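Peer 1: next comes the sequence, and after it the predicted model I'd like to discuss.
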Amino acid sequence: MLVGLLCLWAVPAFAQGCAMCYSTTSATSKDGQKAISKAVAVLVAPPLGVMTLGVGLAFRYGRKRDQEQNLDDNSQPL
């Protein structure tokens, strides 16, 4: 549900674009427009992958750290 809300929240951002990009794209043929759309998707993929990997590793590290702290806390007598 959270992902759906985030997608709906970002819908107005899809309508934003620079005037130069819009005019250049509208002046090209339909094949050129499709190529530009694919190029944008290709350019977005690497940063998205790196960020996903980074967040995943951060959560993994945090979970491992918490488990180690819980083991250390349980082994010490009060």
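Peer 2: Received it, and whenever you're ready, just let me know what you need.
Peer 1: output the below-cut-off pLDDT ranges for the chain.
Peer 2: Where the chain drops to pLDDT under 70, the residues are 9-17, 75-78.
Peer 1: next one: phi and psi at the residue nearest the centre of the chain?
Peer 2: Nearest to the mean C-alpha position of the chain, counting by CA atoms, centre = their mean, stands residue 48 at 4.2 Å. Taking degrees, to the nearest 10, you get phi -60, psi -40 for the backbone angles of residue 48.
Peer 1: give me the residues contacting whichever helix or strand residue 25 is part of.
Peer 2: Per DSSP states H and E, residue 25 falls inside helix 19-27. Contact partners of helix 19-27, identified using CB atoms under 8 Å, 6 or more residues apart in numbering, comprise 32-33, 36. The C-beta positions use only the backbone N, C-alpha and C, and glycine is treated the same way.
Peer 1: in helices, which of the residues you listed fall?
Peer 2: Judged by DSSP state H, helices contain the following of those: 32-33, 36.
Peer 1: need those residues in JSON lines with neighbour count and distance to residue 8, can you?
Peer 2: JSON lines is the format used below for the ones in helices among the contacts of helix 19-27 (neighbours: other CB atoms under 10 Å; distance: CB to CB, whole Å):
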{"residue": "32", "neighbour count": "12", "distance to residue 8": "31"}
{"residue": "33", "neighbour count": "13", "distance to residue 8": "26"}
{"residue": "36", "neighbour count": "14", "distance to residue 8": "25"}
